[in-house]
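Enquirer: the sequence isn't on hand, but the structure is:
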C-alpha cells in the first residue's frame, strides 16, 4: 500500500523542475534524452569475480557484500567473517544485535555491468542495536560504459549509544546517473560519522536526512567531491534535524571543480523548539580550477529553540597564488605545486578517516589516474 | 654571481593605476659576498627581492638580471630555485592541509632531481631534517604540523631558515627575516646564516635595522630609497644610518 501511495504522489507531482527549490540547480535534461529498462539479475558471476578483485580493501578482513546491477550476489559476496550477532538478508537488510561490536568492516561493493541503458533501485536497511558498533564502506563503480541509473534508498536506525562509521565512495563512469536517498535515525547518545567521497558519474545526487531524535545523539558528516569533466554534476542535500536537546552535528563538505563541471551543496539545519543546548557547525568550501566551473552553496538554518550554538561558513575561490609561488620558489614544478595544494585542500576531509587501510583505499579511489 | 642592471618594475595599485616601484636598480654581487640592503618602508626593497625570485603580478619589468651569466628574468620561479636561488619570505604563506615534512621532502627531492641525484628516502630525510631542526630550535611536533599554519611570527621565520638550511641554496635573499624576532631567535638566524657562508655562496640581506648586521657582518651595505640604490658603503654606513636615520641620504 505504501508503494502505491508513493507512486500516486509521484504521478501527481511529476519529475522535479527548476521552480522546485530543492532541485533549482539540477539539470535533469538526461531524463528526456534517455530511457532506461529495469535491470535484471546477472548470472555470469565467474568472470566478474576476477574483475572485482582489485577493488577489495587491502590488508583488511571485511564482510564483503557485492551488488551487481542493483542485485545482491551471494556467490560474489564473502560472509566468512560474519559473526552470529549480525544477520544479512539479501545483502540489503543488515541487523546487528544489541551490544555487538563488529571486528571487521562491512564492504558493500556495488558494480554495474549493464550492456543496455538500465535502471536499478536497490534498497538497504541497517538496524543497529543498543551499544553496537559498525564500520560500513559503500562503494559504487562501473564495469561498463553504458548509460545507467541507480536509484538507491537506505534507511539506517542507530540504537542508543551505538556507533556507526560510514564511508561512501562514488566513482562511476561518465554515463552513470547516481541518485541516493539516505535516512538516518539516531537514538540516545549514539554517534554517527558519515563521509562522502565522490568523483564520478555524469549526475550524482545525495539526499541525506539525519534525525537526532534523542538527547546526546551526535552526527558528524563530511564530504569531498572532485569533478574534472565538462557537464559533470554533483549535488548534496544534507538535512540535519535536531529533534532532541543536547544533540550535536557537524557538516564539512569540500569540492574541487575543474573544466565545465558544477556542484551544489545544500546544508540544512533544523532545530526544533525543544532542542535546547544543541551545537551545530556547518562548513562548505569550493575550489574552482577553471572559469567555467560553477559552485552553488546554499546553507539553510532554521532554528526554533533558544540557547543553541550554531555556526556556518561557506567559501568559493581559486587556488591561493601566494601559496603556489611559495611552493614553486622552493623548486616544485607548477603542476606538482598545484597538486600539493589540492591535496592539502582535500586533506581536511581525508584526515578524518581513522582507519589507515580505509584511508589508503579512499585516497587511491579519489585519484584520477588510478 | 648576480648582476642587476637598470632594473625597473611597476605594480597596478588598488585603483588600477600603474605605479613604478623600482626605478633602475644597479647591483653586483660577487661569489662569497654578503650584501645588505637597508632603506625606509616603501623604498622597494621587498619588491626587488620578489622580482628576483619570480613572483608574478609585477608589470613593465625592464633592465637585466644575470645570475652566473644566465638571464634570470626569463626563468620560472622553480627554475630559479633549481639554479640555487632562495628567497626567505617576509610573510611566509600558511598552507592548511600541507604537511611540513611532506613539503620539505618534496622541495628537497625536486632540487635533487635537477641535480640528477636520487630522491632521499624517508629515513635519510628524517635524519637530516632532525639535525637541522635542532639548529633552528624546532621540536619534533613541527614535522606533523601544516606548513606555517597557526605559526607565530617567529616560528614562520624559523621555518624559512630551516628551509634555507635544508635546500643549501647558492644565492640567498633574506627579506626582513629579522623583523618580529626576539634576541635569541635573531642570534639563531645569525648563526645559521654564518654557517652557510662560503666562497661559492652569496647573500642579499634586506633589513630595516642594523641589529641583524651585528650577527651577519655584510661586505657591502646599500641604502635604497624611492626604488633606487642611493648609496653604498661598508658596515660603517649601516651604523651611520642607525644613528642618523634615512632622511639625510634622501636629501643628499
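Expert: Arrived safely. This is a predicted model, so every value here is computed, not measured. Numbering: from 1, shown residues only, chains lettered A, B, ... in the order given.

Enquirer: quick check: domain ranges of chain A?
Expert: A:39-317, A:319-370 (automatic domain parsing).

Enquirer: where does pLDDT dip in the chain?
Expert: Answering for chain A, as no chain was given. Scanning chain A for pLDDT under 70 picks out the ranges A:1-4, A:44-45, A:91, A:368-370.

Enquirer: let me rephrase: I mean chain B.
Expert: B:252.

Enquirer: enumerate the residues of chain A near chain B.
Expert: Residues of chain A lying close to chain B by C-beta under 8 Å from any C-beta of the partner chain are A:320-323, A:325-334, A:336-337, A:340-341, A:343-348, A:351. Backbone N, C-alpha and C define where each C-beta goes, glycine included.

Enquirer: picking that back up, and the domains of chain A as JSON lines, adding mean neighbour count and distance to residue B:25?
Expert: As requested, these are exported to JSON lines (neighbours: other C-beta atoms under 10 Å in any protein chain shown; distance: least, C-beta to C-beta, whole Å):
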{"stretch": "domain A:39-317", "mean neighbour count": "19", "distance to residue B:25": "34"}
{"stretch": "domain A:319-370", "mean neighbour count": "18", "distance to residue B:25": "20"}
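
Enquirer: including distance to residue B:196, could those go into a markdown table?
Expert: Formatted as a markdown table, these follow (distance: least, C-beta to C-beta, whole Å):
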| stretch | distance to residue B:196 |
| --- | --- |
| domain A:39-317 | 37 |
| domain A:319-370 | 16 |
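
Enquirer: which SS class is the residue in chain B that chain A sits nearest to?
Expert: In chain B, the residue that lies nearest chain A is residue B:97 (3.2 Å; C-beta to the nearest C-beta). Secondary structure, DSSP: H, G, I helix; E, B strand; the rest coil: residue B:97 is strand.

Enquirer: how would you label the residue of the stretch 1-150 of chain A found nearest chain B: helix, strand or coil?
Expert: Across the stretch 1-150 of chain A, no residue is closer to chain B than residue A:59, which sits at 19.4 Å (C-beta to the nearest C-beta). Under three-state DSSP, residue A:59 falls in the coil class.

Enquirer: and what of residue A:167?
Expert: Here residue A:167 is recorded as strand under three-state DSSP.

Enquirer: so it bridges to which residues?
Expert: With DSSP bridges as the criterion, residue A:167 is bridged to residue A:137, residue A:195.

Enquirer: likewise residue B:12?
Expert: Applying DSSP bridges, one finds that residue B:12 bridges with residue B:18.

Enquirer: now the one 10 residues further on
Expert: According to DSSP bridges, the partner residues bridging residue B:22 are residue B:9.

Enquirer: count of neighbours near it?
Expert: 27 (other C-beta atoms under 10 Å in any protein chain shown).

Enquirer: for it, what are its contacts?
Expert: B:7, B:8, B:9, B:10, B:44, B:47, B:48, B:51, B:227, B:228 (C-beta atoms under 8 Å, 6 or more residues apart in numbering or on different chains).

Enquirer: show only the entries of the residues you listed found in helices.
Expert: B:47, B:48, B:51 (DSSP state H).

Enquirer: chain neighbours aside, what residue packs nearest to residue B:82?
Expert: Leaving aside its sequence neighbours, residue B:82 sits nearest to residue B:114 (C-beta to C-beta, 6 or more residues apart in numbering or on different chains; 4.3 Å).

Enquirer: swap in residue A:328?
Expert: residue B:77 is the one closest to residue A:328 (C-beta to C-beta, 6+ apart), at 4.0 Å.

Enquirer: wait, the one you found touches residue B:50, no?
Expert: No - counting by C-beta atoms under 8 Å, residue B:77 sits too far from residue B:50 to count as a contact (10.1 Å).

Enquirer: burial check on the residue nearest to residue A:328, number of neighbours?
Expert: 24.

Enquirer: do the one 3 residues further on as well
Expert: Residue B:80 has 25 neighbours, counted by other C-beta under 10 Å.

Enquirer: that one - that's part of a helix, no?
Expert: Yes - assessed with three-state DSSP, residue B:80 lies in a helix.

Enquirer: so who does it touch?
Expert: Applying C-beta under 8 Å, 6+ apart to residue B:80 gives the contacts A:329, B:52, B:53, B:54, B:67, B:72.

Enquirer: pull the most distant pair out of those residues.
Expert: Spatially, the most separated pair among these is A:329 and B:67, at 14.4 Å (C-beta to C-beta).

Enquirer: partner residues bridging residue A:191?
Expert: residue A:163, residue A:218.

Enquirer: how far away is it from chain B?
Expert: 25 Å (C-beta to the nearest C-beta, to the nearest Å).

Enquirer: wait, isn't that residue in contact with residue A:166?
Expert: No - judged on C-beta under 8 Å, residue A:191 makes no contact with residue A:166 at a distance of 11.4 Å.

Enquirer: all helices for the stretch 101-250 of chain A, in order.
Expert: Using DSSP state H, counting those that start in this stretch, no helices are found in the stretch 101-250 of chain A.

Enquirer: for chain B, what's the nearest residue on it?
Expert: residue A:224 (11.5 Å).

Enquirer: that residue against residue A:346, yeah?
Expert: Yes - using C-beta under 8 Å, residue A:224 makes contact with residue A:346 at a distance of 5.5 Å.

Enquirer: can you give me the buried ones in stretch B:217-231?
Expert: Buried residues in stretch B:217-231, counted by 16 or more other C-beta atoms under 10 Å in any protein chain shown: B:218, B:220, B:221, B:222, B:223, B:224, B:225, B:227, B:228, B:229, B:231.

Enquirer: am I right that the third one falls within a strand?
Expert: Yes - assignment of residue B:221 by three-state DSSP places it within a strand.

Enquirer: show me the residues of chain A next to chain B that map onto helices.
Expert: Applying DSSP H to the residues of chain A next to chain B, the entries found in helices are A:321-323, A:325-329, A:334, A:336-337, A:340-341, A:343-348.

Enquirer: residue B:18 - how many residues pack around it?
Expert: 10.

Enquirer: how near is residue A:284 to chain B?
Expert: 16 Å.

Enquirer: give the contact list for that residue.
Expert: A:251, A:252, A:253, A:254, A:265, A:267, A:297, A:299, A:312, A:313, A:314, A:315.

Enquirer: likewise residue A:103?
Expert: A:61, A:81, A:83.

Enquirer: report the contact partners of the nearest residue to the first one once chain neighbours are set aside.
Expert: Here the nearest residue to residue A:61 in space, its sequence neighbours aside, is residue A:104; by C-beta to C-beta, 6+ apart that works out to 4.8 Å. Under the criterion of C-beta under 8 Å, 6+ apart, the contact partners of residue A:104 comprise A:60, A:61, A:62, A:63, A:81.
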